[in-house]
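Trainee: got a predicted model here, sequence first, then my questions.
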Amino acid sequence: METLLPLVVGYLLGSVPFGLILTSLTGAGDLRAIGSGNIGATNVLRTGKKGLAAATLLLDLGKGLCTVLLARHFWPGNEALAAVAAVLGHCFPLWLKFKGGKGVATLMGVSLGLAWPIGLAYAVTWLGVLGLSRISSLGGMCAAVVAPIAAALLGHTQYALALGLLALLVLFLHRENIARLRAGTEPRVGSKK
């Protein structure tokens, strides 16, 4: 139960599709039929509703953070396991036929929950690369790669392993973005199609 409960709770919390819920509640339409069809904040931004995109980002981050903090309180020692489950829940939610987001905001939340310096490294990388390139996917992927490196440098071996697996997942889910980056066709935030 010490292993099963953080997995189940992490997955269920992670799989709450805040982007889809917010766009549906505010009449912005079915997010899965807009832009990339993704349920994350970047696609919510394509609805033209910046406030909804910001709320989605914060809620997706928050569910990752809450998952780790709950695990630390109720099942200490299982924080990394809960973190992995939360990101998997976001990326592969059962009630959306396992078609969710790409895990960037939720991964930031779990990074922050595991150890705030890891979360800080993640945030600085994400925002820094995004600010310089204006390419959301590039910022998210770079941040995902930095998180396990930061964890390893800080001596958090278990966290580094979990975050390393999640970084590989994020890169895999961004494979189409990577192809567009190589082709020079990846859209920039704020650009017109």
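Mentor: Happy to help now that I have it.

Trainee: what is the helix or strand hosting residue 82 packed up against?
Mentor: Residue 82 is located in helix 79-91, with elements delineated by DSSP states H and E. On a contact count with 3 or more C-beta pairs under 8 Å, 6 or more residues apart in numbering; DSSP states H and E, helix 79-91 meets helix 4-14, helix 50-74, helix 104-114, helix 157-173. C-beta: built from backbone N, CA, C; applies to glycine.

Trainee: next secondary structure after the third one?
Mentor: Translated: helix 104-114. From helix 104-114, the next helix or strand downstream (DSSP H and E) is helix 116-133.

Trainee: now that following helix, how far from the centre of its chain.
Mentor: Put simply, helix 116-133 sits 13 Å off its chain's centre (C-alpha atoms, centre = their mean, to the nearest Å).

Trainee: beyond it, next helix or strand please.
Mentor: Using DSSP H and E, the helix or strand that follows helix 116-133 in sequence is helix 136-153.

Trainee: please report the distance of the closest residue in space to residue 127 that isn't next to it in sequence from residue 59.
Mentor: Of all residues not flanking residue 127 in the chain, residue 139 sits nearest, at 7.0 Å (C-beta to C-beta, 6 or more residues apart in numbering). Residue 139 sits at a distance of 19 Å from residue 59 (criterion: C-beta to C-beta, to the nearest Å).

Trainee: between those two, point out the one with more neighbours.
Mentor: Remark: of residue 139 and residue 59, residue 139 carries more neighbours, 22 against 19, as counted by other C-beta atoms under 10 Å.

Trainee: so what's that one up against?
Mentor: Contact analysis of residue 139 by C-beta atoms under 8 Å, 6 or more residues apart in numbering lists 125, 126, 127, 128, 129, 130, 133.

Trainee: per-residue pLDDT, residue 192?
Mentor: Model confidence at residue 192, given as pLDDT, is 54.

Trainee: was I right about residue 54 contacting residue 41?
Mentor: Yes. Using C-beta atoms under 8 Å, residue 54 is in contact with residue 41, at 7.4 Å.
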